[in-house]
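Visitor: Just need the structure, nothing else, for what follows:
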Amino acid sequence: MMRRTPARRRGIGRMGANPLMRSIEKHHAGESATPATYGGGLFRTAILLTIVVAIGAFSYTGVVQRGELVGGLWFFLLAPIIGLISVIIAMRSLNLAPFFSIIYAICQGVVLGAISGIYTLAFGDGIVPTAVMSTFGVALAMLFLFRSGIIRVTSRFRKIMFVALIGLLLSGLIMLPLFFFAPQIFGIEGMMLFYMAIIIVSVIVASLYLVIDFDDIQKTVEAGADRQYEWPLALSFIITLLWLYVELLRLIAIISARSRR
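Guide: Predicted coordinates for the structure are as follows:
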């Protein structure tokens with residue numbers, strides 16, 4: 001029987017390009033009596049995704065049918081902060097990862113459900129189903145590209161993606177003052193083109209980060225790491241998937257708005 005290489009040797013800790021996975025480096029993965037499996041990771045991913053969808057549907061209905069935010073405005077504003085704290089704790093503590101991964105899924109369900117409802121009211125009933133189908137379509141395409149070896153996750157690839165992520169964050173910060181001053185310089189159309197370009201890049205980066213998630217999962221399973229790692233890996237994948245959904249939703253909204261002119 002082929003002996004599994006310890007996780008630290010296989011580089012499970014070298015998650016540098018994905019900031020959400022860096023904290024896993026602090027844990028000492030290796031041979032385990034209860035190793036992580038693809039099935040276990042898929043099951044935990046399904047749990048989190050089901051929670052997001054169920055809570056999101058409830059939140060979506062509240063906005064579209066009753067014009068109300070589930071939990072009120074304060075919870076809607078605090079949910080992203082609670083979600084961020086939950087992610088940090090889940091990535092740092094394997095024992096607490098299941099509990100805080102579920103908290104994150106609940107918070108994201110509330111927020112994304114409300115956002116989806118707002119986009120539906122603004123752009124029509126078809127925008128959310130289109131974004132959902134596009135998200136899963138892209139995810140399957142990225143899985144195919146990864147499994148076929150067309151896209152290989154190397155250390156250089158991770159570094160490039162990390163730099164791209166930092167660039168997107170900086171671009172988002174630059175957009176804030178531009179919204180107030182740039183329209184007078186570049187005009188509304190110029191600002192919209194710049195905004196659309198950022199979203200397109202965000203979609204590409206989010207899609208490629210799915211490949212990094214697939215690689216993280218594969219390395220963890222092949223290394224024989226403990227199944228406790230399945231929760232943070234599933235959480236990381238869900239975070240990337242929801243990020244991709246939001247970016248696609250924004251992109252489809254812009255395309256829809258421009259096509260109505």
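Visitor: Output the helix or strand hosting Phe144 as CSV, nothing but the C-alphas.
Guide: Here Phe144 is covered by helix 127-147, with elements defined by DSSP states H and E. Provided in CSV are the C-alpha atoms of helix 127-147 (Å, rounded to 0.1, in the frame of the first residue of the first chain):
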residue,chain,number,x,y,z
ILE,A,127,-31.4,38.2,-12.5
VAL,A,128,-31.0,36.0,-9.5
PRO,A,129,-31.6,32.6,-11.3
THR,A,130,-29.2,33.7,-14.0
ALA,A,131,-26.5,34.6,-11.4
VAL,A,132,-27.1,31.3,-9.6
MET,A,133,-26.8,29.1,-12.7
SER,A,134,-23.8,31.1,-13.9
THR,A,135,-22.1,30.6,-10.6
PHE,A,136,-22.5,26.8,-10.6
GLY,A,137,-21.6,26.7,-14.3
VAL,A,138,-18.3,28.6,-13.7
ALA,A,139,-17.6,26.3,-10.6
LEU,A,140,-18.1,23.2,-12.8
ALA,A,141,-15.9,24.6,-15.5
MET,A,142,-13.1,25.4,-13.0
LEU,A,143,-13.4,21.9,-11.6
PHE,A,144,-13.0,20.5,-15.1
LEU,A,145,-10.0,22.7,-15.8
PHE,A,146,-8.4,21.7,-12.5
ARG,A,147,-9.0,18.0,-12.8
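Visitor: Could you list the residues in contact with that helix?
Guide: 60, 116, 119-120, 151, 153, 203, 207-208, 210-211, 214-215, 241, 244-245, 248-249, 252-253, 256 (C-beta atoms under 8 Å, 6 or more residues apart in numbering). Placement of C-beta: from N, CA and C, glycine included.
Visitor: from the chain's centre, how far out does that helix sit?
Guide: On the basis of C-alpha atoms, centre = their mean, to the nearest Å, helix 127-147 sits 13 Å off its chain's mean C-alpha point.
Visitor: tell me which strands and helices the helix or strand following it is in contact with?
Guide: Once helix 127-147 ends, the next helix or strand along the chain (criterion: DSSP H and E) is helix 155-222. Using 3 or more C-beta pairs under 8 Å, 6 or more residues apart in numbering; DSSP states H and E, the elements in contact with helix 155-222 are helix 7-10, helix 38-66, helix 127-147, helix 230-259.
Visitor: what angle sits between the last one and helix 127-147?
Guide: Same thing as helix 230-259. Using axes from the mean of the first three to the mean of the last three C-alpha atoms, to 10 degrees, the direction of helix 230-259 lies 130 degrees away from that of helix 127-147.
Visitor: And helix 230-259, what's buried?
Guide: The neighbour-count check on helix 230-259 (16 or more other C-beta atoms under 10 Å) flags 230-254, 256 as buried.
Visitor: ok, now the second one?
Guide: For helix 38-66, a neighbour-count test (16+ other C-beta under 10 Å) marks 40-41, 44-45, 47-49, 51-53, 55-56, 59-60, 62-64 as buried.
Visitor: which residues touch the nearest residue to Ala97 once chain neighbours are set aside?
Guide: Distance criterion C-beta to C-beta, 6 or more residues apart in numbering; nearest residue to Ala97, sequence neighbours excluded, is Trp231 at 3.8 Å. By C-beta under 8 Å, 6+ apart, the contact list for Trp231 reads Arg44, Ala90, Leu94, Ala97, Pro98, Ser101.
Visitor: make it 7 Å
Guide: Shown in contact with Trp231 (C-beta atoms under 7 Å, 6 or more residues apart in numbering): Arg44, Ala90, Ala97, Pro98, Ser101.
Visitor: What of Ala164?
Guide: Neighbour list for Ala164: Val205 [criterion: C-beta under 7 Å, 6+ apart].
Visitor: and what of Ile252?
Guide: Counting by C-beta under 7 Å, 6+ apart, Ile252 touches Ile127, Thr130, Ala131.
Visitor: Apply 10 Å and report the result again.
Guide: Contacts for Ile252 (C-beta atoms under 10 Å, 6 or more residues apart in numbering) come out as Tyr119, Phe123, Gly126, Ile127, Val128, Thr130, Ala131, Ser134, Ile199.
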